[in-house]
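J.: got a predicted structure plus its sequence, pasted below:
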Amino acid sequence: MDFGLFMEFPVADGATDQEGFGQGFRLVDEAERMGVDSVWLAEYHFIPFSVLSSPMTVGTAIAARTENMRIGFGVFLLPLGNPVRIAEEVATLDHISRGRVEFGIGRGTFPDHHDAFNSPYPESRGRFEEYLEIILQAWTREQFSFAGEHYQCTDLCVRPKPFQTPHPPIRVGITSAETFPIIGRMGYPIFVNPSRVFALSELAPHIQQYREAWQAAGHPGEGQVGLRIPIYLAETAEKAYEQPRESALGSIQSLGERVGRFAARTGTPGNWQAESERILEMDYDDWLRDKVVYGTPEAVVDRLQQLIEELHLSQIVYEINYGRRIPFELQLNSLRLLTGRVLPAFK
């Protein structure tokens, strides 16, 4: 099992951007000292609670201040960028980090990101697939040309090539049911964020569709499945229930409202109005049952073992500040309990 820490570089109410970066890097330093295997950086735009709009730059800073942890993107939004520039910068980071990059990618969930970058949201699936092909050619061929619907280039020689051979590991983020068989056919590992659409108990059939599509396309093995999930630990069940409660409730409300705002937009997969209503109808106990893993170390071990067995997981990307309102010292305590008393059970 591979375990990694998901990071948003949040900014607390009333805090400055400088404080957001400072606390984020402090958490990175603590995670490196605790022996955390990897960090996974979000890419957020135009939201007030995070300063992590440039994961490439932040990832480079992390590479310079750490020696062991791998640096993943969770996820890098391919349709918003220039694929040749992305290929150059990720390969450069791979060299700076001495081969510690994990290339987590996605097409982006919310339409406002695409609006601002002049990338039409209904085209995001096509741009994602096209840009990924360009990046792979840039990394693996000395010279290449490409003529697609969204991008064209001629006789490019992209340097540097990645440090890792043939390139950094690729993993695709999934937030919608339609994406499981698509990525299975493409033959890439996935990691699933169930917060908007799925209860944890609903994931198994979709993961099976991914594996069936993987095998039907003739790829070896059965694919790899990761899960991004909020995890919170405390010494007692009462603390594990109460300490993250306010933070989770705030996030549930904001997520439900944000999904509802885009329900009428063309190109959104699934029924966003129904998804918004379902989220807003959930209370804290519903969220604890269906979306997160909170508890004592012993309870968290049991729940993670259950999820790993039911979903045949190969990776868990854990979020220790779900809702972005958990005090920093409580985050550190939760991370210490996770690394010291939970993860050893899976080695």
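T.: Good, I have the coordinates.
J.: okay, helices next: where are they in the chain?
T.: 17-34, 55-65, 83-96, 111-116, 124-140, 179-186, 203-216, 237-242, 245-261, 272-281, 284-290, 297-311, 328-337 (DSSP state H).
J.: so which of those helices gets nearest Gln224?
T.: Gln224 sits nearest to helix 203-216 of all the helices of the chain, at 9.6 Å, using C-beta to C-beta. (C-beta placed from N, C-alpha, C; glycine too.)
J.: for the closest one, buried residues please.
T.: Leu203, His206, Ile207, Gln209, Tyr210, Arg211, Glu212, Ala213, Trp214 (16 or more other C-beta atoms under 10 Å).
J.: can you redo the helices of the chain as CSV with mean pLDDT and distance to Val192?
T.: CSV is the format used below for the helices of the chain (pLDDT from 0 to 100; distance: least, C-beta to C-beta, whole Å):
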stretch, mean pLDDT, distance to Val192
helix 17-34, 97, 23
helix 55-65, 98, 19
helix 83-96, 98, 23
helix 111-116, 88, 20
helix 124-140, 97, 17
helix 179-186, 96, 8
helix 203-216, 97, 6
helix 237-242, 98, 23
helix 245-261, 93, 16
helix 272-281, 91, 15
helix 284-290, 96, 14
helix 297-311, 98, 9
helix 328-337, 97, 22
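J.: can I get those in a markdown table including distance to Phe103?
T.: Formatted as a markdown table, the helices of the chain follow (distance: least, C-beta to C-beta, whole Å):
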| stretch | distance to Phe103 |
| --- | --- |
| helix 17-34 | 19 |
| helix 55-65 | 11 |
| helix 83-96 | 6 |
| helix 111-116 | 19 |
| helix 124-140 | 8 |
| helix 179-186 | 14 |
| helix 203-216 | 19 |
| helix 237-242 | 34 |
| helix 245-261 | 26 |
| helix 272-281 | 28 |
| helix 284-290 | 30 |
| helix 297-311 | 23 |
| helix 328-337 | 25 |
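J.: figure out which of these is closest to Gly223.
T.: Of the helices of the chain, nearest to Gly223 by C-beta to C-beta is helix 203-216, at 4.3 Å.
J.: contacting residues around the closest residue to Ser251 other than its chain neighbours?
T.: Among residues not flanking Ser251 along the chain, Gly323 sits closest, at 3.6 Å (C-beta to C-beta, 6 or more residues apart in numbering). Going by C-beta atoms under 8 Å, 6 or more residues apart in numbering, Gly323 touches Pro244, Glu246, Ser247, Ala248, Leu249, Gly250, Ser251.
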